[in-house]
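Asks: Starting from these lines, generate the structure:
(2 chains)
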2 protein chains.
Amino acid sequence: MNVNELETPSILIDLDIMSRNIAAMQERCDALGLAFRPHIKTHKIPAIARLQLAAGAAGIACQKVSEAEIFAADGFDDIQIPYNIIGEKKTARLMDLAIYNRISVSADSQTTVDGLSAAAKKAGVPLRVLVELESDQHRAGAPVARAVALAEAIAGDENLHFAGLLIYPSDASIRPTLLEAIALIDEKGIGIDVISGGGTGAALHAHEVPELTELRVGTYVFNDWTTVKRGWNTLENCAMTVMTTVVSRPTEDRAILDSGSKTLSGDSYEGEYGYIIEYPDARIYRLNEEHGYVDLSACANRPKVGEIVHVIPVHTCVVTNLHERLYGVRGGEIEVEWPVAARGKVW
Amino acid sequence: MNVNELETPSILIDLDIMSRNIAAMQERCDALGLAFRPHIKTHKIPAIARLQLAAGAAGIACQKVSEAEIFAADGFDDIQIPYNIIGEKKTARLMDLAIYNRISVSADSQTTVDGLSAAAKKAGVPLRVLVELESDQHRAGAPVARAVALAEAIAGDENLHFAGLLIYPSDASIRPTLLEAIALIDEKGIGIDVISGGGTGAALHAHEVPELTELRVGTYVFNDWTTVKRGWNTLENCAMTVMTTVVSRPTEDRAILDSGSKTLSGDSYEGEYGYIIEYPDARIYRLNEEHGYVDLSACANRPKVGEIVHVIPVHTCVVTNLHERLYGVRGGEIEVEWPVAARGKVW
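Replies: Just a heads-up that it's a prediction; the model follows:
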C-alpha cells in the first residue's frame, strides 16, 4: 500500500533510517566493548527488538513487568527491568518470568530488596538484582552509603544475586560517585558483574565512564526533535514522522493540525511540540487533545487546508505509547504494519 | 473484588461521585432549557455515555470519526463531531455513519464544506453541518464574515443541511461575535437550528449566552485538579483517582511514584502534575514516563516506600486515553471494570 493511502494522523517509521540507527549504535557499543541492551520503551514492538538483537544486542530493557511479560511471551529471554518492583502481585509475576528467563531488576531501598527476596524465596529461584545509584537526574537511586549497604544485603541474601550497579544517565558527572561505590563494594569482597549505564545522550559519553560494562539506550532507534536539538543526532537520522493534515486555517498566520496531544503527546522542547519537515519555519506552539496550533508568521510559503504535512515529534517514546500501530515505510510504500504490542502497559 | 487487590497504577472512578456529577450537569442544563450533549472524550466508554443519556442527555459529542464509529456500533444514534472532517476516506466513513444515524459535524472553511458536500452527494444522504465561529481560544473556527459565507454555502448546497453555529468555549466573551453572526445569517433568511456551546468551565456561564440551544461538556463527569484550581468544582466532586505506589524515597524530601507521564499524562497545572489526597502538602513537580517526582519538603508526615497513595490528575480526559481500563468503585469494592473502548482512536 502506498503511504498516501493512509488516513491521518499516522505514525510512519522510515525503515532505512531505522536500520542505520540500529547499526550505528551497535557499532558504537562494540567499539567500546560494551554489551548493548536496547530499551524497548521507544518502540514497544517485539519485531523491532528482534532487529536490535540480530544486530548484536545482548538483551533488552523494559520498564514494567507487564512489558517484560509481552516480550518474554514473544521469545525474549534476557530482560532487565531497571526499576523498583514493589507489591506482592508484581513481584510474583516477576518471578514467574524469572523461572524461565534471565531477568534482572534494580533496587534502591531495603524495602524493595525485602520484597524481591520474599518473592524469590517463594518461587524457589534466585533473582538478579542491581543497585541503582542516584545521579544528577535526582530521580530514584540510592546515595553511595545506602547503595553499598544494599549490595551487601543482596549479596548476603540466599534468594538474591547481586548483579551490579545501575546508573541513569551515565555521563561523566556520575563517575566520582560510581568509583566511590565500586571501591567500597570491592572492599567488602563483593563481586560486581555488571555496571549498567543508560540514556541516548549518555551513549555519546560512554567512553568517559570506562567502568561501564553495558549500555541501555532507547530513543536512538528512531531519534526525535529532542535528540536533534540536544546535538545527539541529526534530522536525517529521525526515523519517526507523524503524517498529519492541516484541517483549518483560521487566519493568515495560523494553521490547525489534526494532531494534538493525543497524537504528538504533550511533551515540548523549548515551547515547541514538533518540527514540520515541509515548513521548517513553522512553529507548533500549542496543543489541545485533537488540535495542533501552528504559527506560520515566519513562513514564506504556507500550507492550505487539506494539505498533508509530516512532523518530527519532540519525544518518540511517548508518541509510540499513544498509538495502536506504527507503519514501516520504504520508498513511499508501507512494507510493514506493526501493532504496538506493549502499548499502555503500566503494571 | 476489593480495590486493594488491584495492581498500581490503576485508574479508579468513584461511582457515587460520578452519578452526582452526571445528575448535577443535567439539572443545570434542564434549568437553562439547554439540550445537553456530553462529550465522550473524557471517558471514551459507551456504558458511561449511556448513563448520561439516561439522565436526560440529548445525544453525544465525539472528536474523531473513529470514536463515533465505536459509539454508533454500540447503539448511539445522535452524534456530533465538532471538527473539520477532511480527506476522502474520512468523509466516506463519516457518511457511512450518517446514513443510519443523526450525525452532525462542523466546518470553518470552504475546503471542508466542499469535501463534505462531495461525500454526502456520493452517499445520497444529506449531512448536517454546523459552522464553527472563532473564539478567544484562537484555535479553529471562522471569523464572522467567513462564517456567514459558509452558512450561505451550506444552506445553498443540496447535499448539506446548515445545522447552526458552534463555539468553544462558550462564555460571555464570544457573545458579541455570536450575535453579529446570528444577525447576518438571519438577514439572509437562513434558519439556525442549533447554537452549540461547550467547555466544562463555560457551563457555569451558559446563562450569560442565552442564545445557546445546546451544551457540549466532557470533563464534568469526573472533574480533575484543573477544574478544582479554576474554581469550576470542588475536590469532593473529583471522581477519578490514580492509585499509585511510592516506589522510592531517595532522600528525606523526595518520593518517586510508579506513575509518570505514561499514567498521569504530561499535562500540568501551574507546574504540578496532580494532587496526592493522602499528602495534600506534597507536590508532584516533574514526570518522566514511569517516574513521578514528589517534593515532600512541606509535609509533616511522609510516605514510606511501598505505600499506596491516590492522585487526582490534572486532566482526566488525557489520563483515560492512556489506559486500557477504568475501575468503577463504591465502598472500596470494584463494581465494574470498563474497557476504554474508544481509547487512542486518532482517525
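Asks: Longest helix of chain A, counting residues only.
Replies: helix A:15-32 (DSSP state H).
Asks: So which elements touch that one?
Replies: Counting contacts by 3 or more Cβ pairs under 8 Å, 6 or more residues apart in numbering or on different chains; DSSP states H and E, helix A:15-32 packs against strand A:35-38, helix A:46-54, strand A:325-330. From N, CA and C alone the C-beta is placed, and that goes for glycine too.
Asks: Can you give the contact residues for that helix?
Replies: Helix A:15-32 has contacts (Cβ atoms under 8 Å, 6 or more residues apart in numbering or on different chains) with A:35-36, A:38, A:48, A:51-52, A:55-57, A:203, A:206-207, A:212, A:215, A:217, A:220-223, A:236-239, A:328-330, A:335-336.
Asks: Please check these and keep the buried ones.
Replies: Among the contacts of helix A:15-32, the ones that count as buried by 16 or more other Cβ atoms under 10 Å in any protein chain shown are A:35-36, A:38, A:48, A:51-52, A:55, A:57, A:203, A:206, A:212, A:215, A:217, A:220-223, A:237-239, A:328-330.
Asks: can you list the residues of the stretch 51-200 of chain A near chain B?
Replies: Within the stretch 51-200 of chain A, the positions near chain B by Cβ under 8 Å from any Cβ of the partner chain are A:63-64, A:83-84, A:86-87, A:89-90, A:108-109, A:111-112, A:115, A:134, A:138-143.
Asks: Whichever of those residues end up buried, select them in PyMOL.
Replies: In PyMOL, a selection of the buried entries from those looks like this (16+ other Cβ under 10 Å):
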select buried, chain A and resi 63+64+83+84+86+87+90+108+109+111+112+115+134+139+140+141+142
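Asks: Out of the residues of the stretch 51-200 of chain A next to chain B, name the ones that lie in helices.
Replies: A:89-90, A:111-112, A:115.
Asks: now, among those residues, which is nearest to residue B:247?
Replies: residue A:112 (7.5 Å; Cβ to Cβ).
Asks: Give me the pLDDT value at the residue lying closest to the closest one once chain neighbours are set aside.
Replies: Closest residue to residue A:112 apart from its sequence neighbours, by Cβ to Cβ, 6 or more residues apart in numbering or on different chains: residue A:84 at 4.4 Å. The model reports residue A:84 with a pLDDT of 98.
Asks: Now do the contacts for residue A:84.
Replies: A:105-109, A:112, A:132, A:140, B:247-248, B:305 are the contacts of residue A:84 under Cβ under 8 Å, 6+ apart.
Asks: The stretch 151-300 of chain A: strands as residue ranges?
Replies: A:160-166, A:194-198, A:214-217, A:240-251, A:254-257, A:275-276, A:283-287, A:292-295 (DSSP state E, counting those that start in this stretch).
Asks: can you list those strands in a markdown table and add mean pLDDT?
Replies: A markdown table is the format used below for the strands of the stretch 151-300 of chain A (pLDDT from 0 to 100):
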| stretch | mean pLDDT |
| --- | --- |
| strand A:160-166 | 98 |
| strand A:194-198 | 96 |
| strand A:214-217 | 97 |
| strand A:240-251 | 98 |
| strand A:254-257 | 98 |
| strand A:275-276 | 98 |
| strand A:283-287 | 98 |
| strand A:292-295 | 98 |
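Asks: got TSV for these, with distance to residue B:23 too?
Replies: Formatted as TSV, the strands of the stretch 151-300 of chain A follow (distance: least, Cβ to Cβ, whole Å):
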stretch	distance to residue B:23
strand A:160-166	51
strand A:194-198	50
strand A:214-217	50
strand A:240-251	35
strand A:254-257	35
strand A:275-276	45
strand A:283-287	33
strand A:292-295	35
